[in-house]
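>>> Have a look at this fold, sequence not included:
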């Protein structure tokens with residue numbers, strides 16, 4: 001197979017133009033071309049208003065050796081092997097009980113998917129509801145402000161990523177091909193095929209909801225089981241020559257309002273970054289963990305049209321997708337300020353999961369057709385900010401900020417225009433555009449939520465970003481407080497086999513501190529599944 005890299009075509013090219021470009025690049029006739037597959041697609045806007053699509057394409061030809069002799073081009077690779085993820089079950093140890101996976105976010109879902117596919121018959125426990133009921137619970141919360149503590153934006157089938165933009169790009173480089181395998185599985189279960197090659201793929205909350213249901217059906221069809229409304233509240237261990245070994249899980253069924261014990265040899269804790277009660281429980285059992293760096297800040301909204309014109313040029317073609325951006329600033333005080341979870345054509349959502357604590361996130365549907373672009377503008381947090389040296393100090397800091405935010409908005413999302421933020425005065429009305437929000441809002445003064453140093457860092461970052469994106473610091477840009485769940489505040493330590501100090505406990509995904517986003521969490525789920533299959537044989 002031949003791979004053509006950096007194949008550039010005008011943004012309005014046709015499929016015939018695409019094929020002709022391949023033929024010209026390889027100096028072959030049409031009858032010599034046997035097939036091709038797009039591997040990567042991106043938009044090059046560096047010479048706007050002239051825009052290009054840039055492709056990486058895998059091509060099959062009748063005589064590759066002939067092409068290799070004829071064509072001299074450093075953008076062409078020959079004898080390329082297709083991306084593939086393959087793993088053989090090597091484990092020999094016998095499982096006494098079915099393996100348990102705690103959490104059905106991307107990490108737990110993909111771990112369960114892989115184990116089910118190979119005959120391990122996993123039990124997946126999810127404290128929240130299935131995605132259909134969860135969607136109803138979340139929409140009710142946005143409408144009336146009454147929070148369901150077990151079924152919300154953070155908890156339930158699909159994890160926190162279900163009510164997000166559904167971004168599937170990642171900086172993780174995986175030599176085993178797990179990146180492509182995750183995208184392939186998503187596409188196989190209802191996501192658009194284009195996610196397998198777009199440089200910045202996304203699904204959107206509406207499509208992702210359907211995909212996770214199909215993955216659940218696959219798990220159940222292959223011997224697995226998914227139990228909703230099932231929260232792990234405690235663990236039981238026994239000791240063998242001084243080594244703690246997992247024995248039982250204590251589970252609370254919130255529908256039946258009863259507690260039961262589940263015997264297991266193996267539990268994958270794919271609990272997500274908001275499972276603070278579970279962090280505390282595991283910490284009390286002496287499970288080694290440490291505080292992890294994270295960042296906090298606010299959401300900002302701009303008109304999507306403003307972002308489109310800045311990224312694509314004023315007279316861009318209407319068929320182009322809502323434009324994203326990614327901005328960073330490293331300040332002299334050592335702080336980093338950067339955009340996070342940018343949502344083109346999206347909504348700011350109330351993402352709270354605990355009583356009297358308010359936090360926000362961003363969300364887009366697959367069409368990304370809301371009027372505004374939003375992004376978190378976050379400032380790096382240091383140990384000096386949250387104080388304390390224990391593993392849960394960062395978690396307590398998040399809770400403190402969310403409580404202050406809750407009190408400021410009286411349970412609603414507090415909002416402020418950026419110009420008023422700089423002047424330290426409460427806003428009273430929107431400017432040239434209104435907020436696109438899921439959840440109740442109220443105008444407030446967001447100053448005082450963060451420390452003075454962090455607030456100054458935020459404003460310095462905004463000034464820097466305005467040099468890159470025209471109008472980014474406009475006075476009527478809408479701020480919403482606060483973004484606190486950027487990543488897990490802890491890392492649950494594990495060895496090279498993905499196992500913790502307590503034998504049988506496998507920390508996994510974003511909550512355990514080994515991922516940051518849908519893709520990296522899913523990849524870690526596959527990694528932990530692989531570790532399990534290397535040790536144990538199927539049931």
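Here it is on my side, so go on. Quantities reported herein were computed from a predicted structural model and do not represent experimental measurements.

>>> ok, which stretches of the stretch 151-300 of the chain are helices?
Counting by DSSP state H, counting those that start in this stretch, one finds helices in the stretch 151-300 of the chain at the ranges 178-188, 205-221, 276-284.

>>> same deal with the chain?
15-26, 64-70, 106-117, 131-144, 178-188, 205-221, 276-284, 304-312, 383-386, 393-409, 418-423, 452-466, 518-535 (DSSP state H).

>>> a markdown table for these, including distance to residue 502, mean neighbour count and mean pLDDT?
(Each C-beta comes from the backbone N, C-alpha and C, glycine too.) Formatted as a markdown table, these follow (distance: least, Cβ to Cβ, whole Å; neighbours: other Cβ atoms under 10 Å; pLDDT from 0 to 100):
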| stretch | distance to residue 502 | mean neighbour count | mean pLDDT |
| --- | --- | --- | --- |
| helix 15-26 | 54 | 14 | 96 |
| helix 64-70 | 53 | 13 | 94 |
| helix 106-117 | 18 | 29 | 98 |
| helix 131-144 | 30 | 17 | 97 |
| helix 178-188 | 26 | 21 | 94 |
| helix 205-221 | 26 | 19 | 96 |
| helix 276-284 | 9 | 18 | 97 |
| helix 304-312 | 48 | 20 | 97 |
| helix 383-386 | 26 | 14 | 84 |
| helix 393-409 | 20 | 20 | 97 |
| helix 418-423 | 46 | 19 | 98 |
| helix 452-466 | 37 | 18 | 97 |
| helix 518-535 | 15 | 25 | 96 |
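
>>> so which of those gets nearest residue 481?
helix 393-409 (5.0 Å; Cβ to Cβ).

>>> one step back: and the helices of the stretch 151-300 of the chain: which comes nearest residue 463?
helix 205-221 (32.6 Å).

>>> re the thing from before, would a markdown table of the helices of the stretch 151-300 of the chain with distance to residue 471 be doable?
Conversion of the helices of the stretch 151-300 of the chain to a markdown table gives the following (distance: least, Cβ to Cβ, whole Å):
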| stretch | distance to residue 471 |
| --- | --- |
| helix 178-188 | 34 |
| helix 205-221 | 28 |
| helix 276-284 | 38 |
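
>>> on that earlier part again, figure out which of the helices of the chain is closest to residue 231.
Nearest to residue 231, of those and by Cβ to Cβ, is helix 276-284 at 8.4 Å.

>>> who's in contact with that closest one?
102, 232-235, 269, 271, 289, 354, 391-392, 395, 399, 490, 492, 511 (Cβ atoms under 8 Å, 6 or more residues apart in numbering).

>>> ok, and for stretch 72-82, which residues are buried?
residue 76 (16 or more other Cβ atoms under 10 Å).

>>> what distance separates the start and the end of stretch 422-433?
Terminal residues of stretch 422-433 lie 19 Å apart, using Cα to Cα, to the nearest Å.

>>> what does it contact?
301, 303, 371-372, 415-417, 420, 443-445, 447, 459, 474-476, 478.

>>> Can you flag the buried ones in the residues you listed?
301, 303, 372, 415-417, 420, 443-445, 447, 474, 476, 478.

>>> so residue 111 sits right up against residue 267, yeah?
No: if you go by Cβ atoms under 8 Å, residue 111 and residue 267 don't touch, sitting 11.2 Å apart.

>>> overlap in contacts of these two?
residue 101.

>>> confidence score at residue 84?
What the model reports as pLDDT for residue 84 is 78.

>>> Can you report how many residues neighbour it?
Residues lying near residue 84 (other Cβ atoms under 10 Å) number 10.

>>> excluding its backbone neighbours, what's nearest it?
In this structure, residue 84 finds its nearest non-sequential neighbour in residue 177, 5.7 Å apart by Cβ to Cβ, 6 or more residues apart in numbering.

>>> got the contact list for that neighbour?
Here residue 177 is in contact with 83-86 (Cβ under 8 Å, 6+ apart).

>>> Pull out the buried residues from those residues.
Applying 16+ other Cβ under 10 Å to the contacts of residue 177 flags residue 85 as buried.

>>> farthest-separated two in the contacts of residue 177?
Among the contacts of residue 177, 83 and 86 lie farthest apart (Cβ to Cβ), at 10.7 Å.

>>> where's residue 208 relative to residue 63, distance?
43 Å (Cβ to Cβ, to the nearest Å).

>>> and what of residue 440?
66 Å.

>>> Those two - which one has more neighbours?
residue 440 (16 against 11).

>>> before we move on, the earlier item: can I get the contacts of residue 177 in CSV including distance to residue 215?
Converted to CSV, these look like this (distance: Cβ to Cβ, whole Å):
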residue, distance to residue 215
83, 21
84, 20
85, 16
86, 20
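
>>> Which of the contacts of residue 177 sits closest to residue 330?
Using Cβ to Cβ, the contacts of residue 177 come closest to residue 330 at residue 83, 34.2 Å.

>>> from what I can see the closest one touches residue 182, true?
No: Residue 83 is beyond contact range of residue 182, at 11.5 Å (criterion: Cβ under 8 Å).

>>> one step back: let's see if you can find the most crowded of the contacts of helix 276-284.
residue 511 (32 neighbours).
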